[in-house]
Each structure stands twice: as C-alpha cells, then as structure tokens.
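J.: Could you look at this predicted model? Sequence included:
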Amino acid sequence: LAKTTQPISMDSYEGQEVNITCSHNNIATNDYITWYQQFPSQGPRFIIQGYKTKVTNEVASLFIPADRKSSTLSLPRVSLSDTAVYYCLVGDIENDMRFGAGTRLTVKP
Amino acid sequence: GAVVSQHPSWVICKSGTSVKIECRSLDFQATTMFWYRQFPKQSLMLMATSNEGSKATYEQGVEKDKFLINHASLTLSTLTVTSAHPEDSSFYICSGVAVSSYEQYFGPGTRLTVT
C-alpha cells in the first residue's frame, strides 16, 4: 500500500507555472501514478497518469524520476480557475485507490 | 472522458431512516466501483470496493450492515445508508473502473444531510 505525501497547500499567481510534488517511497512495481483535481462539492476530475519518465497532455505534465519514489505535477500558466485541491494517487486500480491529504492550490490575481 | 452519474445529487432525511444512492456508469462498463465519503475540508476516504456480482469489500471501520452496497450490473452500483444518523451526513462519491481501459472515473457526488 503506497502512501503518498504532498504539501498541504500552495499559493501561486496567475500566469505562473506550478509544480506540485508527491512522495511515494514504497511504490510497487505494478503501481501507476495518477493525479486528480477536485473543486468544492464536486467529484475528482482526472488530470494525468503515468508510470515512469514524463507524460504530457493538454492540461499538465507529469515528471517521474527513474526510481519512481516521487512525482511532480506541472501546471503551466495557471489561472484563477485552477484553484482547487490536487490529489496524487499511487496504486493498482484493481486493488486500492486511496486518497492522500491532497494539496490545496490557491491561485491569486 | 467517460461519465459517471449519481442520484440523487443531494438528499435530506430524518434520523433513523434509510437512504439509497445510485451510481451509474453511463457510457462504459465498470467491473469495479469504489465508494468514498468526504467530510468538509478533508480528503476522500475509501469506504468500500465493489465488484460486479460479488460482495463488496469494506475498509476497516466501515460498518457493512450500515452501508449496504449492491453492484448488480456492470453499470449500476448502489449504496444504502441504513438507519441514518446526523454523523452520517457527508459527501458520498462513487467511481467506476472501465473494463476496457482500467481507468477510474468519478461521479459528481451526493450530499447527504441527516436531521
């Protein structure tokens, strides 16, 4: 069961790049790393998923070092609407998908 | 992406009554569905994992007789909160794992208030 550790909160300004790092020291071989975004009173929304190296999609990039003991979600040029809680999940979809505490990102004008 | 719906989106009930929450995968089949509970300003807490056609697996501390989960088909899972009490008031979220892609999709959540 890979436990994750993220910063509790982060502040940024509009237009900046935001990097949120998640530690998962006991990640298992079969585990994937998935990041979700959640707004108040809504279900989590999928952002990006990766296994190793770098993954990029239209909204974010995910950097995973060779040892896979951490990962970094990169949000380019954030806007006010990116203010939300971001969760890093590490696990095997068939077994356990438990959420950590998440990182509360506040984007300021 | 795939869509998961929950019904109702919010419900208010009296203490001692039971409430059923439906979770449907609208455009994909889900062999596995997860149920979470979230209290204000807290993270999602996994309550149980349900696989179609079999009994749900409950997390430690979650009473299986109080939170009844049924996953009768590949597109529907239900959570029934029996004899609800005010401390059961919470935001309940379900998710489904697509058979084809093993990706997890979340529902919009159901706000339960027990008075």
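T.: Received the coordinates, thanks. Residues are numbered from 1 along each chain as shown, chains lettered A, B, ... in the order given.
J.: Spit out the contact partners of the residue of chain B found nearest chain A.
T.: For chain B, the residue closest to chain A is residue B:106, as judged by Cβ to the nearest Cβ, at 3.7 Å. Yep, even glycine has a C-beta here, placed from its N, CA and C like the rest. By Cβ atoms under 8 Å, 6 or more residues apart in numbering or on different chains, the contact set of residue B:106 is A:36, A:43-46, B:4, B:93-95.
J.: Quick check: closest non-adjacent residue to it.
T.: residue A:43 (3.7 Å; Cβ to Cβ, 6 or more residues apart in numbering or on different chains).
J.: Just the endpoints, please. Distance across stretch A:8-23?
T.: For stretch A:8-23, the separation between the terminal residues is 13 Å (Cα to Cα, to the nearest Å).
J.: Contacts (any at all) between chain B and that stretch?
T.: No. Stretch A:8-23 lies apart from chain B when judged by Cβ under 8 Å from any Cβ of the partner chain; the minimum separation is 10.8 Å.
J.: which residue ranges form the strands in the chain?
T.: No chain was given, so I picked chain A. A:9-13, A:18-23, A:32-38, A:45-50, A:53-56, A:61-64, A:70-75, A:84-91, A:103-108 (DSSP state E).
J.: Sorry, I should have been clearer: chain B.
T.: Per DSSP E, chain B carries strands over the ranges B:4-7, B:10-13, B:19-25, B:30-38, B:45-51, B:57-58, B:67-73, B:76-81, B:90-98, B:104-106, B:110-114.
J.: Could you give the bridge partners of residue A:20?
T.: Bridge pairing for residue A:20 (DSSP bridges) gives the partners residue A:73.
J.: still on that earlier bit, compile the contacts of residue B:106 into TSV and extend it with columns for neighbour count, pLDDT and distance to residue B:112.
T.: Output for the contacts of residue B:106, formatted as TSV (neighbours: other Cβ atoms under 10 Å in any protein chain shown; pLDDT from 0 to 100; distance: Cβ to Cβ, whole Å):
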residue	neighbour count	pLDDT	distance to residue B:112
A:36	23	95	22
A:43	22	95	15
A:44	28	95	18
A:45	15	93	22
A:46	17	90	25
B:4	25	96	18
B:93	26	97	11
B:94	30	96	13
B:95	24	94	17
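J.: And those residues, which is closest to residue B:22?
T.: Among those, residue B:94 lies closest to residue B:22 (Cβ to Cβ), at 8.8 Å.
J.: contacting residues around that closest one?
T.: Residue B:94 is in contact with B:4, B:6, B:21, B:23, B:33-36, B:77, B:79, B:106-107, counting by Cβ under 8 Å, 6+ apart.
J.: Could you export those as a markdown table, including distance to residue B:62?
T.: Converted to a markdown table, the contacts of residue B:94 look like this (distance: Cβ to Cβ, whole Å):
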| residue | distance to residue B:62 |
| --- | --- |
| B:4 | 21 |
| B:6 | 19 |
| B:21 | 15 |
| B:23 | 16 |
| B:33 | 15 |
| B:34 | 12 |
| B:35 | 9 |
| B:36 | 11 |
| B:77 | 15 |
| B:79 | 11 |
| B:106 | 19 |
| B:107 | 18 |
